[in-house]
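Q: This is a predicted model, with the sequence first.
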Amino acid sequence: MVRLPRAARGGGAFQGLKLPLPAQVLQSHTPLPVNQPQLHTSPHPAAPHLTAARLACRRGTRLLFKDLDLDIGAAQIVWVRGQNGRGKTSLLRLAAGLSTPEHGEVLSDGVPVRRASAYRERLVYIGHANALKEDLTVTEALEFLLRVHQRPSQIAAVHAALERLELHSRRNAAVRTLSQGQRRRVALARLAVETTPSLWILDEPFDALDVNGIDCLNRLLKDHVGRGGSVLLTSHLPLNTALLNPIEVDLDRYADHRS
Amino acid sequence: MRNLFLALYLRDIKLAMRRRIEALLPVVFFVVAVSLFPLGVGPEHDTLRLIAPGVVWVCALLAAMLSVTNLYAGDYADGSLEQMLLSGQSAVVIAAAKSAGHWTLTGLPLVIAAPLFGLLFDMNRESITALTLSLVLGTPILSLLGSVGSALTLGLRSAGVLIILLVLPLSIPALIFGTGAVGAVEGGQSAAGHYSILGALLIFTALTAPPATSAALRISVE
């Protein structure tokens, strides 16, 4: 109950923003126009500004990286690279506020992400696991995730999102009957309902996607950056640098060579 | 807040409906375990009537513990738990919704089945009413405590046994006053005092268990 005023404040602004969405999503079979007039009146005109200074991360006894400075502003795509086990996923989890750093702090607009609940409403985190329940249908699984994150979750919005990821024909199939690539697409369909310039944290989003799926995701990323959103992602596959123009962060450079 | 609670609660019910046999297992365990006692102890009415409340309560306790082991494990493994924790809402809501779902799926069927077992043990009508009422108040306590145990043991290998060791001692008060209510009615006294204490225990657990679960969940995803 103590949290209610804060939730009401953040959520209220958010819902005001989201209300016109369903109709818009319905029309979004064609890619959304990059600059939408609605966004100029948005209460969150820019993506959360994510900063961190001298960040260090420890997993067990190993120091994965240290002295990492991070600054992700609006309309930026930051591509975290590094060898396996360098701490790419750990960095993403730190940025999402799921774990605490060994040293330093991740701040969103100056507020520590671990304590900012408004930050979580402006964040889409898609981890390595797809967070889909095997026994639900594709529509139900996606609807649940959207509802949990207070995004538009009407059946029309869900179907429109699935259509953008070209999964419309599988919308009533049980998740357990899907292939890995199709599951990834369902998880990524969450991005298709986003209309605000939020921050996306994506852990290996291109994993298991085919050429066509990669195109879909690239379009989503491009649209998102076009409206001022920012992205923090890892990928072992080379990104389409000409299209996405990412800023690279090489974690190998921040590795602690003593451990 | 209500949105997350309802979404999660309804999803858990839906998932259980998709796997009906699995969802029924705790209740089947309860039925089989309770039915074994008349066979083992012998069909003497007086003995059966004497042990009935204890037997029903202990079996309900074990059935709740059996089903609580996987309360968060599935969501933890497939990443749903992380997503829920990132929803921008308090993890207390997750704990409350999960406990409520668990009670609906195991506690409620036990409450419904209990009067039948009262008949099996030759209890009179007043005692059966007391037994059912005590289970109505007591089984939510078991679900709430089980939720704490399940969150604390998340990701551990021998979680099942650990939960039972953690939670069973905590549920002793509920057991004592639950069976005590039936004993009081059989002794011709009022069970109001027992109900009040069970009610107080329920309120206390409902206020403390979800925050404890929430803290445990945050630690285990880290």
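A: Yep, it's here. Numbers count the residues shown, from 1 in each chain, chains lettered A, B, ... in the order given.
Q: quick one, helices of the chain?
A: Since you didn't name a chain, this refers to chain A. Assigned by DSSP state H, the helices in chain A fall at A:4-18, A:21-26, A:88-96, A:117-121, A:138-148, A:155-164, A:180-188, A:211-226, A:241-244.
Q: wait, chain B
A: Counting by DSSP H, chain B has helices at residues B:2-18, B:20-41, B:45-68, B:73-77, B:80-85, B:91-102, B:108-120, B:125-152, B:159-170, B:172-186, B:192-221.
Q: Give me the nearest residue to A:L136, chain neighbours excluded.
A: Nearest non-adjacent residue to A:L136, counting by Cβ to Cβ, 6 or more residues apart in numbering or on different chains: A:V175, 5.8 Å away. Quick note: C-beta positions are derived from backbone N, CA and C, even for glycine.
Q: Next, the contact list for the one you found, please.
A: A:132-138, A:141, A:183, A:186 (Cβ atoms under 8 Å, 6 or more residues apart in numbering or on different chains).
Q: Now for A:L132: which residues touch it?
A: Here A:L132 is in contact with A:141, A:145, A:175, A:183, A:186-187, B:78 (criterion: Cβ under 8 Å, 6+ apart).
Q: So what does it have for phi and psi?
A: Note on A:L132: backbone dihedrals following degrees, to the nearest 10 are phi -110, psi 140.
Q: what's around the residue of chain A found nearest chain B, how many residues?
A: Nearest residue of chain A to chain B: A:A129, at 2.8 Å (Cβ to the nearest Cβ). Using other Cβ atoms under 10 Å in any protein chain shown, A:A129 is surrounded by 17 other residues.
Q: contacting residues around it?
A: With contacts defined as Cβ under 8 Å, 6+ apart, the neighbours of A:A129 are B:77-79, B:82.
Q: for B:F117, same thing?
A: Residues near B:F117 by Cβ under 8 Å, 6+ apart: B:34, B:52, B:56.
Q: So which of the residues you listed wins on neighbours?
A: With neighbours taken as other Cβ under 10 Å, the top of the contacts of B:F117 is B:V56, carrying 29 neighbours.
Q: Name the nearest residue to it, sequence neighbours excluded.
A: B:F117 (5.5 Å).
Q: What separation do you get for A:D67 and A:G87?
A: Applying Cβ to Cβ, to the nearest Å, the value for A:D67 to A:G87 is 13 Å.
Q: of the two, who's got more company?
A: A count of neighbours by other Cβ under 10 Å puts A:G87 above the other of A:D67 and A:G87, at 26 against 13.
Q: Would you agree that one is in contact with A:R58?
A: No: applying Cβ atoms under 8 Å as the test, A:G87 and A:R58 come out as separate, 9.3 Å apart.
Q: For the residue of chain B found nearest chain A, which non-adjacent residue is closest in space?
A: Across chain B, no residue is closer to chain A than B:G79, which sits at 2.8 Å (Cβ to the nearest Cβ). Excluding its sequence neighbours, the residue lying closest to B:G79 (Cβ to Cβ, 6+ apart) is A:A129, at 2.8 Å.
Q: Now the one you found: phi and psi?
A: Dihedral angles (degrees, to the nearest 10) for A:A129: phi -80, psi 140.
Q: Close to chain A: what parts of chain B are there?
A: With Cβ under 8 Å from any Cβ of the partner chain as the criterion, chain B meets chain A at residues B:1, B:3-4, B:7-8, B:11, B:14-15, B:18-19, B:74, B:77-80, B:82-90, B:221-222.
Q: filter those residues to the buried ones?
A: With neighbours counted using 16 or more other Cβ atoms under 10 Å in any protein chain shown, the residues of chain B next to chain A contain these buried positions: B:1, B:3-4, B:7-8, B:11, B:15, B:18, B:78-80, B:82-90, B:221.
Q: what about residue 157, how many neighbours?
A: Let's take chain A. Count around A:A157 with other Cβ under 10 Å applied: 24.
Q: ah, no, chain B please
A: Here the number of neighbours of B:R157 (other Cβ under 10 Å) works out to 7.
Q: Can you pull out the low-pLDDT segments for chain A?
A: Applying pLDDT under 70 to chain A flags the ranges A:1-45, A:258-259.
Q: returning to what we had before: isn't the residue of chain B closest to chain A up against A:G127?
A: Yes: using Cβ under 8 Å, B:G79 is in contact with A:G127, at 5.4 Å.
Q: Report the residue spans of chain B with pLDDT below the cut-off.
A: B:1.
Q: how does chain A divide into domains?
A: The record's domain parsing of chain A by automatic domain parsing lists A:45-122+A:197-259, A:130-195.
Q: Ok, which of those comes nearest B:A96?
A: domain A:130-195 (14.4 Å; Cβ to Cβ).
Q: now do the same end-to-end measure for that closest one.
A: Domain A:130-195 has an end-to-end distance of 21 Å (Cα to Cα, to the nearest Å).
Q: How about the contacts made by B:S87?
A: Contact partners of B:S87, counting by Cβ under 8 Å, 6+ apart, are A:120, A:148-150, B:4.
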